[in-house]
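1. I would like to see how this sequence folds:
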Amino acid sequence: MSKFGEYNVILKDLTTESRVLEYNLDDAYFKKIDSPEQEVQKGNIKATVTVQKKLKTFELQFVIDGIINIQCDRCLDEMEQPIHYKEKLQVKFGDKFSEENEIVIIPESEGSINIAWFLYEFIVLNIPLKHVHAPGECNKTMVTKMRRHISHQKDDTDDESSIDIDDDNDFTVEDNSADPRWESLQNIIDNN
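-> From the prediction side, this is the model:
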């Protein structure tokens with residue numbers, strides 16, 4: 001049995017009724033995923049997959065709910081990120097594995113689909129672009145070092161833009177310099 005054998009969903013023996021499968025995606029699951037840029041290595045996710053046979057396809061409905069541990073973008077400490085997601089996947093039988101217009105085609109001779117990678121993709125695709133601790137929860141030492149580094153950089157470059165970290169550990173960038181190209185464009189707008 002492969003390391004993801006438990007995630008094989010056998011479709012060929014499914015009749016018209018639906019089947020509900022439940023998976024607990026824990027740290028062991030995330031460690032099994034082989035991805036060079038693996039963002040998630042820990043978590044506790046409950047995934048419920050409802051498989052239903054339609055006329056010529058199978059519909060897999062995913063409900064993913066839980067928490068993953070990822071690195072904070074600001075202080076680089078580990079943080080908990082809640083994940084709540086619902087997705088549908090259409091599957092049908094064919095000659096070989098492929099994807100066409102949001103339908104996954106699997107060989108009829110195999111009659112099953114392994115959903116381990118689909119589960120991981122659904123989780124990763126729902127991580128916000130900016131994932132940071134709640135205000136005041138970032139590593140205080142790192143925030144202090146960033147403040148010191150940013151103030152030194154500003155003194156060294158002496159440009160007109162400034163970066164500030166407020167008390168809630170949020171960064172703000174103020175750009176007081178105007179690009180002359182934009183001023184020229186504004187003149188065109190003003191003259192029309």
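2. drop to CA atoms for contacts and neighbour counts, all remaining ones
-> Noted.
3. Neighbours of residue 97, how many?
-> The burial count assigned to residue 97 is 12, neighbours taken as other C-alpha atoms under 10 Å.
4. Okay, and the beta partners of the closest residue to it other than its chain neighbours?
-> Ranked by C-alpha to C-alpha, 6 or more residues apart in numbering and with sequence neighbours excluded, the top spatial neighbour of residue 97 is residue 106, at 4.7 Å. Following DSSP bridges, residue 106 is listed with bridge partners residue 93.
5. My read is that residue 106 contacts residue 95, right?
-> Yes. Contact status for residue 106 versus residue 95: in contact at 7.2 Å, counting by C-alpha atoms under 8 Å.
6. If you count surrounding residues, which of the two has more?
-> residue 106 (19 against 11).
7. so how far is residue 49 from that one?
-> Distance of residue 106 to residue 49, computed by C-alpha to C-alpha, to the nearest Å: 18 Å.
8. Go ahead and name everything in contact with stretch 110-117.
-> The contact list for stretch 110-117 (C-alpha atoms under 8 Å, 6 or more residues apart in numbering) reads 4-5, 7-12, 33, 93, 106.
9. Please pick the buried ones from those residues.
-> Among those, those scoring as buried are 7, 9, 11, 33, 93, 106 (criterion: 16 or more other C-alpha atoms under 10 Å).
10. so who does the last one touch?
-> Which is residue 106. 91-98, 112-113.
11. And for the first one?
-> By C-alpha under 8 Å, 6+ apart, the residues touching residue 7 are 114-116.
12. just the third one next, same as before
-> Residues in contact with residue 11, defined by C-alpha under 8 Å, 6+ apart, are 58, 111-113.
13. sorry, back to before: just the ones of the contacts of residue 7 in strands?
-> Residues of these located in strands (DSSP state E): residue 114.
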